[in-house]
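Participant: I would like to see how this sequence folds:
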Amino acid sequence: MRAKGLFFHYIGTGRRMQRQAIAVRSFFVYNIFEKQTDQEGKHEPMTDNRKPDRQTNTIREDARIYTLGREKPAKAVVKMGVPLVAGMFIMVLYNLVDTFFIGLLRDDYQLAAVNLAYPVMMITIAVSNMVGTGASTLIARCLGENDPEKAERTLTTGFVLTVLTGAVLAATGLLLLHPIVRVLGAKENTFLYTQQYVGILLAGTIFTMANYTLSQLLRGEGSARYSIFGMVVGTVMNILLDPLFIFAFGLEIRGAAIATVLGNACGMGVTLWVYLSGKSLLRPKRQYLRPAADITGEIYRVGVPAGLETLLTSAAFIVNNNLAVAYGELTVAAMGIAQKLLSLGNYIYQGFAAGVQPIMGYNYGAKNFRRMLAVLKAGILIVCGIELCVMALYGIFAPLLIGIFTDSPEVVATGARVLRALMCILPFVGVTSMCRMSFQAMGRPMSALGITILRQLVLYIPLLLLFNHLFGFTGLIWTQPFTEAVMMAVSCTFLVRTIRAAERTGR
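Facilitator: Numbering: from 1, shown residues only. Have a look, this model is predicted:
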């Protein structure tokens with residue numbers, strides 16, 4: 001009995017010692033490692049607002065917040081910008097693929113119709129911008145202010161507004177299709193082709209808007225990689241479907257439009273999957289489906305000026321096309337090819353500007369103004385360096401690049417001339433775009449709109465009319481480089497002074 005008692009006594013003592021050892025080990029592990037981690041993570045607003053069963057996902061979320069708030073400026077710009085530039089390259093293919101396959105029909109009038117219809121796509125994106133830019137910049141500021149609930153309310157409201165505005169735009173456009181085609185500059189030989197192409201694009205407006213807007217919302221939370229999924233899938237599907245509908249089904253330009261709409265629908269589906277599968281930082285919530293007045297107002301306060309900026313750009317594009325028609329419809333086709341090729345360089349700076357936007361918004365919400373200036377400087381240096389390299393490539397290979405899309409010697413010669421003039425805008429407009437999107441990120445939409453009004457209405461369109469009258473076609477194609485050089489100096493000076501003023505006042 002005594003041996004049995006001693007046995008259980010030692011067993012009990014061993015268990016108590018084991019429990020004490022576990023307690024001591026837990027104490028040291030917490031104080032040496034976990035407590036330090038907690039202190040380092042206090043600035044990361046999403047960590048403490050996630051459910052325990054999303055622990056693995058929290059690491060990725062914290063990495064995204066770290067990139068926005070603490071990563072070295074140049075590295076943060078590259079990390080946020082490069083995936084978006086890659087996505088923008090996909091968008092270049094998206095814009096060029098219809099031009100390429102329509103060019104294989106050897107019908108320059110259908111090629112011109114695709115170019116004439118381009119403002120419709122720009123207007124659709126402008127309306128998407130009203131929701132996407134307003135909501136994504138608000139999401140970034142909410143994360144910087146450590147308010148994840150408002151960020152998810154904003155996300156859900158963005159979903160609802162995209163569907164509603166897309167339906168209204170599609171219905172209105174189809175009702176006014178005939179006068180819209182006239183305004184676009186379509187003449188006798190291009191009217192029917194333009195009408196067919198535009199009508200199908202308008203019918204698929206919701207898919208185009210959703211694909212574009214949902215990508216912006218993902219970008220607002222710092223999910224740069226996921227934000228390009230819809231673009232990639234949409235473009236791949238468009239490339240696969242274009243030859244099927246254009247040649248196999250014999251639909252020609254109508255087939256190109258159908259393939260574009262279906263590609264956007266597939267892209268929208270993939271982006272929805274990112275949200276519904278839980279891979280995103282934020283999730284839409286059923287209880288927020290009824291848009292709140294304060295969030296809707298904030299979205300449109302920033303979004304409407306952003307949409308107006310794209311509309312003004314579309315208006316300038318239409319004026320440019322109508323002036324170009326006087327030089328012949330083949331000139332319109334040549335300018336269309338050159339502008340589509342130029343979009344390669346355009347999307348580089350747009351990708352970096354879009355990547356900088358959530359960084360600026362987050363740090364503005366966190367009142368880290370010095371980091372904003374450092375990020376702006378890094379972004380400008382990176383963009384200007386890359387765009388100068390792109391300019392060199394355009395200058396050397398312009399005729400070869402234009403020749404990919406047409407066999408017409410006249411179109412090749414004119415297109416190469418246009419491309420070599422317009423390529424000069426790239427370093428200048430890249431800085432202007434970064435400044436404009438930074439103002440949007442800061443919740444200062446009127447400053448961003450002011451830059452666009454000065455650029456398009458005060459300078460570009462009047463100078464376009466003047467230079468075209470004085471110097472003919474040469475003046476027409478060199479107006480934009482002159483305008484962009486002026487705007488770079490104005491917008492950069494304005495933004496730096498605004499950030500420094502906010503740093504002095506704390507707001």
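
Participant: Would you mind finding the longest helix in the chain?
Facilitator: What stands out as the longest helix in the chain, according to DSSP state H, is helix 329-365.

Participant: From M372, how far off is the closest residue to R444 other than its chain neighbours?
Facilitator: Leaving aside its chain neighbours, R444 sits nearest to T498 (7.2 Å; criterion: C-beta to C-beta, 6 or more residues apart in numbering). Every residue, glycine included, has its C-beta placed from N, CA and C. Here T498 is placed at a distance of 10 Å from M372 (C-beta to C-beta, to the nearest Å).

Participant: more crowded one of those two?
Facilitator: Per other C-beta atoms under 10 Å, whichever of T498 and M372 has more neighbours is M372, with 29 against 17.

Participant: So the more buried one sits against I499, correct?
Facilitator: Yes: contact criterion C-beta atoms under 8 Å: M372 and I499 qualify, at 5.4 Å.

Participant: pLDDT averaged over stretch 281-292 - what is it?
Facilitator: Averaging pLDDT along stretch 281-292 gives 87.

Participant: Other residues contacting that stretch?
Facilitator: 46, 61, 64, 139, 148, 151-153, 155-157, 159-161, 221-223, 275 (C-beta atoms under 8 Å, 6 or more residues apart in numbering).

Participant: next one: stretch 303-310
Facilitator: With C-beta under 8 Å, 6+ apart as the criterion, stretch 303-310 contacts 122-123, 125-127, 129-135, 436, 440, 445-446, 448-449, 452.

Participant: Quick one: buried ones out of those residues?
Facilitator: Buried by 16 or more other C-beta atoms under 10 Å: 122-123, 125-127, 129-135, 436, 440, 445, 448-449, 452, out of the contacts of stretch 303-310.

Participant: Where helices are concerned, which of those count?
Facilitator: 122-123, 125-127, 129-135, 436, 440, 445, 448-449, 452.

Participant: Name all residues that make contact with G234.
Facilitator: Y94, N211, G263, N264, C266, G267, M268.

Participant: Let me know the closest of the residues you listed to L465.
Facilitator: Y94 (31.7 Å; C-beta to C-beta).

Participant: Who are the contact partners of the closest residue to that closest one other than its chain neighbours?
Facilitator: Distances taken as C-beta to C-beta, 6+ apart place T235 nearest to Y94, at 4.4 Å, with adjacent residues excluded. The neighbourhood of T235, defined by C-beta under 8 Å, 6+ apart, consists of I90, M91, L93, Y94, V97, G263, G267.

Participant: Could you report the neighbour count for the fourth one?
Facilitator: The local packing of Y94 (other C-beta under 10 Å) involves 24 other residues.

Participant: In terms of helices and strands, where is it?
Facilitator: helix 73-103 (DSSP states H and E).

Participant: Next secondary structure after that helix?
Facilitator: helix 108-116.

Participant: what's the offset of that following helix from the middle of its chain?
Facilitator: 26 Å (C-alpha atoms, centre = their mean, to the nearest Å).

Participant: Give me the contact list for it.
Facilitator: Here helix 108-116 has contacts from 98-99, 102-103, 184-186, 189-190, 193-194, 197, 252-253, 256, 321, 329-330, 332-333, 335-337, 339-340, 405-406, 408, 411, using C-beta under 8 Å, 6+ apart.

Participant: okay, and the helix or strand of this protein with the least pLDDT?
Facilitator: helix 35-40 (a mean of 35; mean pLDDT, DSSP states H and E).

Participant: Contact partners for Q339?
Facilitator: Contacts of Q339 (C-beta under 8 Å, 6+ apart): N115, Y118, V418, L422.

Participant: ok, and the most crowded of the residues you listed?
Facilitator: Highest neighbour count within the contacts of Q339, by other C-beta under 10 Å: N115, with 27 neighbours.

Participant: Tell me how far that residue lies from M423.
Facilitator: 18 Å.

Participant: same deal with I386?
Facilitator: 13 Å.

Participant: ok, back up a step: please list the members of the contacts of stretch 281-292 that lie in helices.
Facilitator: Going by DSSP H, the helices hold 61, 64, 139, 148, 151-153, 155-157, 159-161, 275 from those.

Participant: In the residues you listed, which residue is surrounded by the most others?
Facilitator: I139 (32 neighbours).

Participant: and it, what does it touch?
Facilitator: A151, T154, L155, L217, G220, E221, L282 are the contacts of I139 under C-beta under 8 Å, 6+ apart.

Participant: where's the last one, which helix or strand?
Facilitator: Under the criterion of DSSP H and E, L282 resides outside all helices and strands.

Participant: what bits of the stretch 301-450 of the chain have low per-residue confidence?
Facilitator: Applying pLDDT under 70 to the stretch 301-450 of the chain flags no residue at all.

Participant: before we move on, the earlier item: quick one: average pLDDT of the helix holding Y94?
Facilitator: 81.

Participant: buried residues in the helix or strand that contains L388?
Facilitator: Assigned by DSSP H and E, L388 belongs to helix 369-403. Neighbour-count burial for helix 369-403, counted by 16+ other C-beta under 10 Å, picks out 369, 371-376, 378-380, 382-384, 386-387, 390-391, 394, 398, 401-403.

Participant: what angle separates that helix from helix 329-365?
Facilitator: 160 degrees (axes from the mean of the first three to the mean of the last three C-alpha atoms, to 10 degrees).

Participant: Convert the helix or strand just after helix 369-403 to CSV, retaining C-alpha atoms only.
Facilitator: Downstream of helix 369-403, the first helix or strand assigned by DSSP H and E is helix 409-422. Provided in CSV are the C-alpha atoms of helix 409-422 (Å, rounded to 0.1, in the frame of the first residue of the first chain):
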residue,chain,number,x,y,z
PRO,A,409,1.6,52.0,-97.3
GLU,A,410,-0.3,55.2,-96.7
VAL,A,411,-1.6,54.0,-93.3
VAL,A,412,1.8,52.8,-92.3
ALA,A,413,3.5,56.0,-93.2
THR,A,414,0.9,58.2,-91.4
GLY,A,415,0.7,56.0,-88.4
ALA,A,416,4.5,56.0,-87.9
ARG,A,417,4.5,59.8,-88.1
VAL,A,418,1.7,60.0,-85.5
LEU,A,419,3.4,57.5,-83.2
ARG,A,420,6.7,59.3,-83.2
ALA,A,421,5.0,62.6,-82.2
LEU,A,422,2.6,61.2,-79.6
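
Participant: what angle sits between helix 409-422 and helix 369-403?
Facilitator: Going by the same axes, to 10 degrees, helix 409-422 makes 160 degrees with helix 369-403.

Participant: so how far is whichever strand or helix holds P427 off the chain centroid?
Facilitator: Using DSSP H and E, P427 maps to helix 426-441. From the chain centre to the centre of helix 426-441 is a distance of 13 Å (C-alpha atoms, centre = their mean).

Participant: pLDDT wise, what is the nearest residue to K279 once chain neighbours are set aside at?
Facilitator: Among residues not flanking K279 along the chain, Y226 sits closest, at 6.3 Å (C-beta to C-beta, 6+ apart). For Y226, the model assigns a pLDDT of 87.

Participant: Report how many residues lie close to Y226.
Facilitator: Using other C-beta under 10 Å: Y226 sits among 22 other residues.
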